[in-house]
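Visitor: attaching a predicted model along with its sequence, questions to come.
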Amino acid sequence: MDLRKWISNDANLMEQWKKEKFDMYPVDKTVCLGINTTKVLGLSWDTHEDYLTLDTRSLLEFFSVDKNTKRCILQAVGRIFDPLGLITHFTIRVQCLIQDLWSEKIPWDDPLLPHIEKERKRWCEELSHSENLKIPRLIPDSTLEEDIVELHNFYDASKKAYGAAVYLKSRTRNGISAKIVTSKSRVALLNGVTLPRLELLGALIATRLTSKVGKIVNYKIPCVQYDWTDSKIVIFWIKGSKPR
């Protein structure tokens, strides 16, 4: 496969690619998105400050011109792309909203019910503030023996959704840093699943995420894993011998 549209936050590397005639990301497109900003995996990447952020302008413009219907909300969700799992806390809200739309059996182009419209407006208000979210892109590579690397898994559930988030904490000679690696969430089923059961499903998601992260983040020193939950029931279930 011929890789195209190369871009880096290293000016020397960019200059080297230019000399070797790599197919680089167009500079004019970068300028249109903002100073030192380009698109990568559904998010905006500031190559100068080296952080990722959510570009919400197109979504806000879409909601400003379209009607507030089920069709409009589904089209808006289709514009969100988050393969890295960095804005799950934001996308799960609209997924729960879609579940409510189906539960109420609202026709495609009919106005939304008052309580659903209220939630939609609240989500749009949060959307306008999401550009202030800055996620560090770099996950530091700890290779010294005195460095300490830890994976912290947080998982929880409510009656509407459950999920997990994985953070990487590193202690190096430069200090302590903790950064989100990935997250994942799912909408809860409507068939009366108990809250402890949903919290157990959150633990399952956390375990699978940690397994994948451990394969991707390959450290030369041992990485200690910590699981965090506020459910004693889930802890007893995990420690027990009976399958759940």
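Guide: Received it, and whenever you're ready, just let me know what you need. A quick note: this is a predicted structure, and the numbers were derived from the prediction, not measured.
Visitor: contacts, neighbours, all on C-alpha from now
Guide: Fine.
Visitor: tell me the helix or strand right after the lowest-mean-pLDDT helix or strand in the chain.
Guide: Across the helices and strands of the chain, mean confidence by mean pLDDT, DSSP states H and E is lowest for helix 27-33: a mean of 47. Remark: after helix 27-33, the chain's next helix or strand is strand 37-40, criterion DSSP states H and E.
Visitor: just checking, what packs against that following strand?
Guide: helix 27-33, strand 43-46 (3 or more C-alpha pairs under 8 Å, 6 or more residues apart in numbering; DSSP states H and E).
Visitor: residues in contact with the residue nearest the centre of the chain?
Guide: Per C-alpha atoms, centre = their mean, the C-alpha nearest to the average position across the chain is that of L86, at 2.0 Å. With contact set as C-alpha atoms under 8 Å, 6 or more residues apart in numbering, L86 has these partners: I180, V181, T182, S183.
Visitor: if we only consider those, which is nearest to N68?
Guide: N68 has its nearest neighbour among those in S183, at 29.2 Å by C-alpha to C-alpha.
Visitor: pLDDT value on the closest residue to G42 other than its chain neighbours, please?
Guide: Excluding its sequence neighbours, the residue lying closest to G42 (C-alpha to C-alpha, 6 or more residues apart in numbering) is F81, at 4.8 Å. Listed pLDDT for F81 reads 85.
Visitor: show me what the closest residue to L133 other than its chain neighbours bridges to in the sheet.
Guide: Spatial nearest neighbour of L133, chain neighbours left out: T53 (5.9 Å); criterion: C-alpha to C-alpha, 6+ apart. Taking DSSP bridges as the rule, T53 bridges to S44.
Visitor: ok, T53 touching R137?
Guide: No. In this structure, T53 is not within contact of R137 by C-alpha atoms under 8 Å, at 9.7 Å.
Visitor: please say which of those two ends up with more neighbours.
Guide: A count of neighbours by other C-alpha atoms under 10 Å puts T53 above the other of T53 and R137, at 22 against 17.
Visitor: what about E119, distance to L101?
Guide: According to C-alpha to C-alpha, to the nearest Å, E119 stands 11 Å off from L101.
Visitor: and L151, by the same measure?
Guide: For L151, the distance to L101 - C-alpha to C-alpha - is 37 Å.
Visitor: looking at those two, which is more packed in?
Guide: Comparing L151 with L101 by neighbour count (other C-alpha under 10 Å), the higher total belongs to L151, at 22 against 19.
Visitor: just the strands in the chain please.
Guide: Remark: strands assigned in the chain by DSSP state E are 37-40, 43-46, 51-53, 135-136, 148-157, 161-172, 175-187, 223-228.
Visitor: got the ones you listed as CSV, with distance to Q95 and mean pLDDT columns?
Guide: Compiled in CSV, the strands of the chain are given as follows (distance: least, C-alpha to C-alpha, whole Å; pLDDT from 0 to 100):
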stretch, distance to Q95, mean pLDDT
strand 37-40, 23, 81
strand 43-46, 19, 86
strand 51-53, 20, 88
strand 135-136, 22, 88
strand 148-157, 15, 91
strand 161-172, 9, 91
strand 175-187, 7, 91
strand 223-228, 25, 88
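Visitor: for those strands, give me a markdown table that also has distance to S128.
Guide: Shown next, in a markdown table, are the strands of the chain (distance: least, C-alpha to C-alpha, whole Å):
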| stretch | distance to S128 |
| --- | --- |
| strand 37-40 | 19 |
| strand 43-46 | 15 |
| strand 51-53 | 13 |
| strand 135-136 | 17 |
| strand 148-157 | 26 |
| strand 161-172 | 23 |
| strand 175-187 | 22 |
| strand 223-228 | 31 |
